[in-house]
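>>> no FASTA, just this:
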């Protein structure tokens, strides 16, 4: 019997954690192999969706279980996710920095297992520690604290990393959104076909191209003028990209707004004159920031003009 979401105030058993990880990894792999998800298609590391009936987007959580639990309660997740026409999209960065990273990871895996057609789990840069190592990756220590030193490294390498590898890198919602964790690639596509191919093959080609690195690590910057596309990132990985890069990707994909996470902010922020909209959903490790999530309906998405229109659909935690 797997422990439910309402029972995580007690210790999380290792067996439950492993079972849910295995089940969610299996669901992700099956959807990737079949190429199918309700209301859309799975194309390699890209998911392409029709406009859902209702869309909730959650940004970086970083182990803030209280914020995640609050959102799930507010949206009445059982009823909401039981309808395959609704979608709940997580932008990645489930782990690191916060105290309850294992519980957050368990929760999103359980949601994917129970509602496979309604929940979309994206990969953040914190879910790519083997491809792009970074110093703030404390998740191995969190699982060691919870499950003991002896079994934690086997769990990490045999179950957690394969789950990370099964996550998608980008989502395109027709006529509306291009969704990534960090930012858009600075290698600009010539047309829509090339754009889709670049996104769908990003993970498969990560050893020879920078697309995956840039999707996970890039940030928008206002300081990059239209006569320049990008600059080296202060993070040491990825790049800063300018408005012309955002414009090109939006035109090629025929959508209106880039939705992304990756940067702490006051719940949300807007860049590139409404072309880029950042969502951040963690309070615990960022006391100077706020936590918020997007909740929007199909008719509102259809009439969307730019990111400024999304402000009224943001909800603070």
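The structure has been received and is ready for your questions. Quick caveat: nothing in here was measured; it's all calculated off a predicted structure.
>>> any idea how far the closest residue in space to residue 286 that isn't next to it in sequence lies from residue 39?
Sequence neighbours aside, residue 264 is the residue nearest to residue 286 in space, at 4.6 Å (criterion: Cβ to Cβ, 6 or more residues apart in numbering). C-beta coordinates here come from the backbone N, C-alpha and C atoms, glycine included. Per Cβ to Cβ, to the nearest Å, residue 264 is found 31 Å from residue 39.
>>> For the stretch 51-200 of the chain, which segments count as strands?
Along the stretch 51-200 of the chain, the stretches classed as strands by DSSP state E, counting those that start in this stretch are 54-58, 86-90, 119-121, 170-173, 177-180.
>>> Show me the shaky parts of the stretch 1-150 of the chain.
The stretch 1-150 of the chain contains residues with pLDDT under 70 at 1-10.
>>> Can you report how many residues lie near residue 35?
Using other Cβ atoms under 10 Å, residue 35 has 11 neighbouring residues.
>>> what sits against it?
By Cβ atoms under 8 Å, 6 or more residues apart in numbering, the contact set of residue 35 is 41, 42, 43.
>>> So what pairs up with the nearest residue to the first one once chain neighbours are set aside in the strands?
The reference is to residue 41. Excluding the flanking residues, the one nearest residue 41 by Cβ to Cβ, 6+ apart is residue 48, at 5.0 Å. Here residue 48 sits in beta bridges with residue 41, residue 172, going by DSSP bridges.
>>> Same check on residue 266?
Taking DSSP bridges as the rule, residue 266 bridges to residue 290.
>>> Surely residue 189 touches residue 249?
Yes: Residue 189 sits in contact with residue 249 when judged by Cβ atoms under 8 Å, with a separation of 7.5 Å.
>>> And the spatially closest residue to residue 87 that is not a sequence neighbour, how close does it get to residue 133?
Leaving aside its chain neighbours, residue 87 sits nearest to residue 52 (4.2 Å; criterion: Cβ to Cβ, 6+ apart). Applying Cβ to Cβ, the value for residue 52 to residue 133 is 35 Å.
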